[in-house]
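> Quick one, what's the 3D model for this:
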Amino acid sequence: MEAYRHLIHYYETDRMGIVHHTNYIRWMEEARVDWLKSVGWSYDRLESLGIFSPVTAVECRFVASTTFAETVSIALALESFNGVTLRIAYEMRKADGTVCCTGRTEHCFLSRDGRFLRLKRDFPDFHAMLMAHLSGAAEDQP
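Alright, predicted model coming up:
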């Protein structure tokens, strides 16, 4: 999976000129949305099919600070998927290769009425795509 790149904007920094910690979680979402679009399953498409994927957990570990005008690369890998819960790992790096943050998000899949979906039965093509990326994730693990 190709890393998503984010150019840090001035408004993302605090009074010390350092990126505010909440932005890293937003960047994980940007990378996830970009990845899904790149594999043909954009959020728009998923939602039009009645697939909703709320975040059920977030983990973020800050390693090195980032500042205005730096570019951060965000690599993601599907860590696990048990048919109900999807876990995604993220690794963020500065242009010089320094890891600045690692994280994880966990997601479930719900229908419009809030019921858990059985992706394998209800959306087999989407399920197959997730499984294919999970099995190939070892070489792409951040």
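
> measure the closest residue to residue 101 other than its chain neighbours to residue 69 for me?
Excluding its sequence neighbours, the residue lying closest to residue 101 (CB to CB, 6 or more residues apart in numbering) is residue 92, at 4.2 Å. From N, CA and C alone the C-beta is placed, and that goes for glycine too. Remark: distance between residue 92 and residue 69 (CB to CB, to the nearest Å) = 16 Å.

> Looking at these two, which one has more neighbours?
Taking other CB atoms under 10 Å, residue 92 and residue 69 do not tie; residue 92 has more neighbours (28 against 10).

> At the geometric centre of the chain, which residue sits there?
Per CA atoms, centre = their mean, the C-alpha nearest to the average position across the chain is that of residue 32, at 3.2 Å.

> Quick check: residue 73 is in a strand.
Yes - checked against DSSP: H, G, I helix; E, B strand; the rest coil, residue 73 lies within a strand.

> and the nearest residue to it once chain neighbours are set aside, how far is that from residue 89?
Spatial nearest neighbour of residue 73, excluding adjacent residues (CB to CB, 6+ apart): residue 3 at 4.1 Å. In this view, residue 3 and residue 89 are 13 Å apart by CB to CB.

> likewise residue 38?
To residue 89, residue 38 is 17 Å away according to CB to CB.

> Look at these two and report which has more neighbours.
Ranked by neighbour count (other CB under 10 Å), residue 38 and residue 89 place residue 89 first, with 20 against 12.

> Is the more buried one in contact with residue 102, as I believe?
Yes - between residue 89 and residue 102 there is a contact at 7.5 Å, judged by CB atoms under 8 Å.

> quick one: buried residues of the lengthiest helix in the chain?
Identified as the longest helix of the chain according to DSSP state H is helix 22-38. By neighbour count on 16 or more other CB atoms under 10 Å, the buried set for helix 22-38 is 23, 24, 25, 27, 28, 31, 32, 34, 35, 36.

> and what of stretch 49-68?
Neighbour counts over stretch 49-68 (16+ other CB under 10 Å) mark 51, 52, 53, 60, 66 as buried.
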